[in-house]
Each structure stands twice: as C-alpha cells, then as structure tokens.
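[1] dropping a prediction and its sequence here:
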2 protein chains.
Amino acid sequence: MKVIKGSVTAPKGFTASGISSGIKRSGKKDLALIYSSAPANAAGVFTQNKVKAAPIIISMDHIRSGKAQAIIANAGCANACTGDQGLADARLMADATASSLNINARHVLVASTGSIGSYLPMKNLLPGIRSASKRLSEHGGAEAAEAIMTTDTRKKEIAVKLKAGGKSVTIGAIAKGSGMIAPNMATMFAFITTDANVPAYDLKSYLLKAVDRSFNMTVVDRETSTNDCVFILANGQAGNRMLSGKDEKDFISALEYVCTYLAREIARDGEGATKLMEIRVAGARSEKDARAAARSVAGSDLVKSAIFGEDPNFGRIMAALGYSGARLDPCLVNIFIGSIEVVRGGKTLSFDNAKARKHLKGKEVLITVMLGLGKSNATAWGCDLTYDYVKINAEYHT
Amino acid sequence: MKVIKGSVTAPKGFTASGISSGIKRSGKKDLALIYSSAPANAAGVFTQNKVKAAPIIISMDHIRSGKAQAIIANAGCANACTGDQGLADARLMADATASSLNINARHVLVASTGSIGSYLPMKNLLPGIRSASKRLSEHGGAEAAEAIMTTDTRKKEIAVKLKAGGKSVTIGAIAKGSGMIAPNMATMFAFITTDANVPAYDLKSYLLKAVDRSFNMTVVDRETSTNDCVFILANGQAGNRMLSGKDEKDFISALEYVCTYLAREIARDGEGATKLMEIRVAGARSEKDARAAARSVAGSDLVKSAIFGEDPNFGRIMAALGYSGARLDPCLVNIFIGSIEVVRGGKTLSFDNAKARKHLKGKEVLITVMLGLGKSNATAWGCDLTYDYVKINAEYHT
C-alpha cells in the first residue's frame, strides 16, 4: 500500500465538487457533492445519539439497499431538531441531487453539519445542488473536503493505492471535525470512496472494524453529535476479483490506515487544539478495558489542560484511568510520557522533569500506559484543552 | 428547620481548628482538625475511582467501626500514587492526631487533597497536628473550612437547626471543591457534624441518600478524583430520643438541605466558573434516566461554553440529552431556559432570544427539560466552562 495524492476522486469513476450555496454567512464553500459514475456498493455508520438529525434518518433509510451513487453534504446548518420540515428538506436534498444527476433518489446519501435547530435555506440550497452537479470533476475532491468544514482550520483528505484481487485498487477519503467529537460509535463526517469491487455486506463489516479503531478512538470534547456519519462507496471499477485471504487483509488494513489518518487529523485539528495527544494502553485484561482506559485519558479535561500547559501531570492520568471503568490494579500501572517513565507500580518516580517537559513542548504528545493485567492494547487520540476551545464554543452558535 | 450561623462547630460537643503547617507553598492554612468531645457514630462515602489515595484507604478501614471522634484533613498534597510510604504517612497522621487528643487512633478519619504523586512533608505535618489540637475551639469551624481549600475561591460552610426526637438538633458542615468534580458517587470533601443521636447504621443510609441527590448531582469537569470523601459524625449530645416517623423525615430533609447547599456552592465555585447552572429534568421514565439526563447536560463542555458565552444554545442541550443514555423520544422533549420555552416537541421554537439572553446574563442559570415519558425528576448542578478553567488547569499542578 502506498499513500498517493488526492482524496475521494482518486479512485476510478468518482467525481466531486464543492461550492458556496449561501448557507454559510461567510460566503465560504458549504456544499459538497461526491458522485460515482455507476451505482456503488455502500455502507454507513451513524451517530449513536438518540437525537438524530433529519439527514441521518434519511441516509439510514437509503443505505439499507446497500447501494449508493452520490453523497450530498452541506456545512453551516445541521438540519437537526427541525421536525417534519427538516425531514422533508433532507428528502428534497436527495431528490434534487437525484434529478440533477438523473439517478435513483434512494441512491443519494445526505449529510448536514453546522448549527442545530435552524432550517436549511432550501431556496439557496436547491440551485446550489444544480451548480454542484454541473461542476463535478475528477479534481473536485479537495473542494469537496473544503465545503464540509465548519470550525475545522484545514481540510482533511487522503488517498492510498494497493494491489488487491489482481488489480490496482484505490481508496480515497475526506473528513471533517472538529467539535462535538466523542468516541461513541460514528463521529463527525468521513466520506470514503474506492474503486474496489467489494460486496456491500463485506464493506459494512470492514467499515465497522476500521471505524472502531480510528474515529471511535478519537475524542475532542466527549460530545457525540446529532449528525455524525461515515459513508463508504465501492464502485468496483478497479475490476478486481473478490477479495479474500491476504488481499482482503490488505484492503482492510488500507481502509484502517485511511480512517486512522483522518481520525488523527480530526484530533489534531480539534477545536482550539495546539497539540495532538496519542494515548497507547497496553497490558489490559480485555480490548474493551484497553479502549475504555485510552479514551478516558484522551477525554479528560484535566489531562488535556495539563498537556496545554506542557505539564507532565501523571496524577491526572492515574485519576482518569481510575474512573475509566477498566479493570485496574493501581500497584501494577506504569506510565510513560514520551519515552520518560513517570509512574512505576502506581507510584511516582523521581523522573527528569525537564526531559518530560521537552517532549510536551512538541506538537505530538505520546502517553503510554501499561496496565500489567493482560495482553490487550488500544490507542486513542485527542488534543489539548485550550483558551481557544472555550472561545470558539462561547462565541460560535452550533 | 432553620439555617443558623456557623458550621461544623455549631452542634454541641464539636470543636475545630485550621492552621498553616507549611504544606502549601503560599503559607496559607492547610491543615484542618474537627473533634468531638466523645466518640460519635460515623458514616462515610468514598470516591469510586479505582485509584484511591492513601488517606481514603485508611479512612475506609477506620470507619468500619461505625465510630469516629476526629477528622484530620490537609490541603496542598493529595497523598495519592504514593504507595506504601503514602499509607504509612496517612496512618501516622491518624496516630499523631490520636496521641495529641488522647483518643483511639481508629477513631480518627484522615483526608488529603491537592497534588497527586507527591509525598506529605511529615516533618511539617506532625508539629502541625499538635498545634491544631491545641487550637481547637467552638469557633474553629470557619478556619477549618478555610484550611481544606485548594483552588476554591471561598470557603463553604453551613449549619441548620431543627426539632427532632423531642430536642433541638443541629447539623453543621464544611466542604471543598473545586476541580476534579464528577457525579460518580462521592465527590470532593464534605465533613458534617451533628449533635443528633443517630445510630451509625441509620446515619449511613441517610448520608447515602443525601449525597446521591446533592454531591453526586454536581459536576464541574466530569473528573472523579482519587481523594473524594464525605464524612458525618453524630455525637448524640442533643440528647434526642431515637428518630422515627416525621422526626426522621425532618432530619433526613435537613441533612439533604445541608448537602444540597454545599453541592451548589461547589458548582458555583467550580474552577474558573462565573455562573451556577441548575438543570432540572422532569417527566423521565425512571429516576436513573432523569439523573443521567440532568448530569449529561450539566457536564457537557459545549453547553458549559455556551452558558459562558450567554448563548441560548438549545441544540447542544438536545445533543447532550441524546447521548446521556436516558430513554428519550426527541419528539416529546420540551426545553426552557429560565422561563423561556426554546424547544417544544423536539423542535426549535421562534423564541425571544433577547429575553433568553437576559436570563443567561444572571449568575444563576436554570435549564428545565421535560422528557414527556414518565413521572421521574432529578436536578443537577454545574457551572460554565471559562478561560479561567483552562488557565487554572494548565498552570496548577494537581
């Protein structure tokens, strides 16, 4: 597998576009369209929040067919808490996209992100959908990535190429963060395309696995949004034979690579973040325990504040492990900040504070926890808690 | 029941003191002692964090007798993650207190709060315990309240008087916050004294109930500390007959009043807080659901940031309800900010934004949620998330 330039339009048969339709007051791009020249096998993962936005409800329904040909996504308005009107608007987004592209409306997936509780400005959005359809291009991935941004400070995209099933297969993806990010099943948006030939059923199981180890291990603020979703479309145009054995493993690990890259980018670009935190937990009794412990540390406001302050505050890491729900014997816990051991057997060590601080001054902070109870591991990603997180969220009306 | 002046020294037979023993670098008071002239019936609630500080382990052991005569508590050092040395130090705190007061060491409860991972400076602390013993007075409640403060900006104390069991009975209490506050069983410190005659067994059940509805419904930052504990000592010097019927109810509701007052004070004085948030949830299917929903809203960083920004951002409240785990039908949810209805049937209302903002400009913000599913209610308390929370926790080494 190798990383190549581009994103959702790198795989064969996919085009995309991103335009400004007038939803964002700033006039920035706010409408993204991704299109496959033929119906693709499709799978999706949706927010676990019981308050689900209208586009989530519509897309959950549409994806049951296992087929999709287009994703229409807007930023600037979440179309959540909008009742029947919101559902009608989301359905109309799909219908308008289908009619512009001359495809089946049930093959259109819809996603919205932005303020909760306001209605979509349909009179801007509908002409916008027509413009986006006309603008579709093989180079449109980057502008689509830009059009789904809200408080993100940069677009998130990736593409990889691998040999699988006797052919060269490409996977491309875009994603957005960057607030309301919590590791409770699907988080945020990620749209993944591939020209691989993969049945919808397999696609779903590959996606679930990859999402579980990537997006679901990312936490900016322990908030699960009403609009999170991850879609994958596989149009089969690489012409590969069915994936099995090593080919299947390679495809899954490429997909996991793509999801993990984007998950890290989302954490790195968390609202107000100045640092990416990676929490590796080893020696847990079960994978569930390892995941809970890693996410608890990644999500702790006190750990996140300490990282912002570049303070090797292992006590807060111990506290976050202690309330994580993971099985734990404090006397067996070892903790490293970067390569500096700061806790051994649950006890403070007299470590080189200056060296630990030096690691914390970097843009990427690594915390390694060894629980000493078993053989399960997990990694979670997060970011520091800064003045700018407060600023963004005291001033920006979600 | 009426509120009176004073705190832990208001009930008959209790004295207290607070001194500076040299643990806090600032030279502020850091050692509190509370003493009952005779052994009292006692109950305690302890942190659920699996990483328990040494004083917690010692006090959990000591309180099993159902008797206590003194509480020795220091601020500035949590004596957590300190292994065998920490346990020996905590035990020595109890022993030194017992020998200064000529009482049974097992009747001494020990508590520590402050930085995790450093050792107690015993050579300052031991003479400190002797000074605190000599300084015990009937007016010492206020200085004891001051001596347990860490990032608290003000001391927290209360006393109430009621008729129960044919006598005038007094309950007094002090508490401290103000970071690492999460509603996961016991939180922070609260020390409660009463001259009521109540058996230890009843005392424990009264305390559990009161704590569940007060401290356990308070959240500053969703962090359960390693050192949280609530103690109650009842020395029986009011001479009341056994409480039952209306008397028992009155005593329980007075105790709940005391705990709720302190819980609200802890939320109001949460690290960096400028506003107290009260979240009332009604119409839940079960009390568990009501509690989960209320705590989820109270703990949401996004809701807390919006309150700081004085922004009536009901979308974030809906999202926090949706991921709370409480049973929920979004179409039945009504939300009020102050007295302004902002969501009806899960849908945004065109409400008077200026009026809602006016309520949010106050020092106390009330959010009422009606789930429309059942008859259970709960109230939770929290505070806004501000620049100062980040500042305190990026700069203060816990």
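    Noted; the coordinates are in hand. Numbering: from 1, shown residues only, chains lettered A, B, ... in the order given.
[2] how far off centre is the longest helix along chain A?
    Criterion DSSP state H: the longest helix present in chain A is helix A:245-268. Relative to the centre of its chain, helix A:245-268 is centred 11 Å away, using CA atoms, centre = their mean, to the nearest Å.
[3] any idea which helix or strand comes after it?
    Later in the chain than helix A:245-268, the nearest helix or strand by DSSP states H and E is strand A:276-284.
[4] all helices for the stretch 151-300 of chain A, in order.
    Per DSSP state H, counting those that start in this stretch, the stretch 151-300 of chain A carries helices over the ranges A:200-213, A:245-268, A:287-299.
[5] any idea which of those is most buried?
    Greatest average neighbour count among the helices of the stretch 151-300 of chain A goes to helix A:287-299 (a mean of 24), per mean count of other CB atoms under 10 Å in any protein chain shown. Yep, even glycine has a C-beta here, placed from its N, CA and C like the rest.
[6] next SSE after that one?
    Following helix A:287-299 toward the C-terminus (DSSP H and E): helix A:301-308.
[7] show me how far that following helix is from its chain's centre.
    Centroid separation between helix A:301-308 and its chain, computed with CA atoms, centre = their mean, is 22 Å.
[8] which strand of chain A spans the most residues?
    The single longest strand within chain A, with elements called by DSSP state E, is strand A:31-46.
[9] how far does that one sit from its chain's centre?
    Counting by CA atoms, centre = their mean, strand A:31-46 is centred 16 Å from the centre of its parent chain.
[10] now it against helix A:200-213, angle please.
    Angle, strand A:31-46 to helix A:200-213, by axes from the mean of the first three to the mean of the last three CA atoms, to 10 degrees: 90 degrees.
[11] go through the helices of the stretch 151-300 of chain A and name the closest to chain B.
    Evaluated over these, closeness to chain B peaks at helix A:287-299, with 8.2 Å, by CB to the nearest CB.
[12] for the longest strand of chain A, buried residues please.
    By neighbour count with 16 or more other CB atoms under 10 Å in any protein chain shown, strand A:31-46 contains the buried residues A:31-36, A:39-46.
[13] spatially, and excluding backbone neighbours, which residue is closest to residue A:276.
    Counting by CB to CB, 6 or more residues apart in numbering or on different chains, residue A:268 is the residue found nearest to residue A:276 once chain neighbours are left out, at 4.1 Å.
[14] list the helices and strands the longest helix of chain A packs on?
    Counting contacts by 3 or more CB pairs under 8 Å, 6 or more residues apart in numbering or on different chains; DSSP states H and E, helix A:245-268 packs against strand A:156-164, strand A:167-176, strand A:189-194, helix A:200-213, strand A:276-284, strand A:376-383.
[15] restricting to C-alpha, output the shortest one in CSV.
    Backbone C-alpha positions of strand A:189-194 (Å, rounded to 0.1, in the frame of the first residue of the first chain) are rendered in CSV as follows:
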residue,chain,number,x,y,z
PHE,A,189,-18.2,13.1,8.8
ALA,A,190,-16.0,10.9,6.8
PHE,A,191,-16.7,10.0,3.2
ILE,A,192,-14.7,7.2,1.7
THR,A,193,-14.7,6.1,-1.9
THR,A,194,-13.0,3.1,-3.6
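[16] which residues does it contact?
    Strand A:189-194 has contacts (CB atoms under 8 Å, 6 or more residues apart in numbering or on different chains) with A:8-11, A:14, A:34, A:36, A:40, A:71, A:73, A:111, A:113, A:144, A:148, A:169-176, A:207, A:215, A:227-235, A:238, A:255, A:258-259, A:262.
[17] re earlier: comparing the helices of the stretch 151-300 of chain A by mean pLDDT, which bottoms out?
    Ranked by mean pLDDT, the helices of the stretch 151-300 of chain A end with helix A:200-213 in last place, scoring a mean of 82.
[18] nearest residue to residue A:118 other than its sequence neighbours?
    residue A:77 (5.6 Å).
[19] now do that neighbour: how many residues are near it, please.
    A count of neighbours around residue A:77, defined by other CB atoms under 10 Å in any protein chain shown, yields 24.
[20] and it, how far is that from chain B?
    Going from residue A:77 to chain B by CB to the nearest CB, to the nearest Å gives 11 Å.
[21] which residues does that residue bridge with?
    Beta-bridge pairing of residue A:77 under DSSP bridges involves residue A:115.
[22] what's the pLDDT at residue A:222?
    Note on residue A:222: pLDDT of 67.
[23] just for the stretch 51-200 of chain A, where's the confidence low?
    Scanning the stretch 51-200 of chain A for pLDDT under 70 picks out the ranges A:178-187.
[24] quick check: phi and psi at the residue of it found nearest chain B.
    Nearest residue of the stretch 51-200 of chain A to chain B (CB to the nearest CB) works out as residue A:116 at 2.5 Å. For residue A:116, the backbone dihedrals (degrees, to the nearest 10) come out as phi -80, psi 140.
[25] for it, which non-adjacent residue is spatially closest?
    residue B:315 (2.5 Å).
[26] what is the burial count for residue A:351?
    Neighbour count of residue A:351, defined by other CB under 10 Å: 18.
[27] OK, contacts around the closest residue to it other than its chain neighbours?
    Spatial nearest neighbour of residue A:351, chain neighbours left out: residue A:342 (5.0 Å); criterion: CB to CB, 6+ apart. By CB under 8 Å, 6+ apart, residue A:342 lies in contact with A:312, A:314, A:335, A:336, A:348, A:349, A:351, A:356.
[28] where does the stretch 251-398 of chain A get nearest to chain B, residue-wise?
    Nearest residue of the stretch 251-398 of chain A to chain B (CB to the nearest CB) works out as residue A:315 at 2.5 Å.
[29] how near is that residue to residue A:330?
    Per CB to CB, to the nearest Å, residue A:315 is found 12 Å from residue A:330.
[30] out of the two, which sits in the busier spot?
    In this view residue A:315 and residue A:330 are compared by other CB under 10 Å, and residue A:315 has more residues nearby, 29 against 20.
[31] rewinding a little: where is pLDDT lowest across the contacts of residue A:342?
    Scoring those by pLDDT puts residue A:348 last, at 83.
[32] okay but it is in contact with residue B:80, surely?
    No: the criterion here is CB atoms under 8 Å, and residue A:348 misses it with residue B:80 at 9.3 Å.
[33] was I right about the residue of the stretch 51-200 of chain A closest to chain B contacting residue A:80?
    Yes: contact criterion CB under 8 Å: residue A:116 and residue A:80 qualify, at 4.4 Å.
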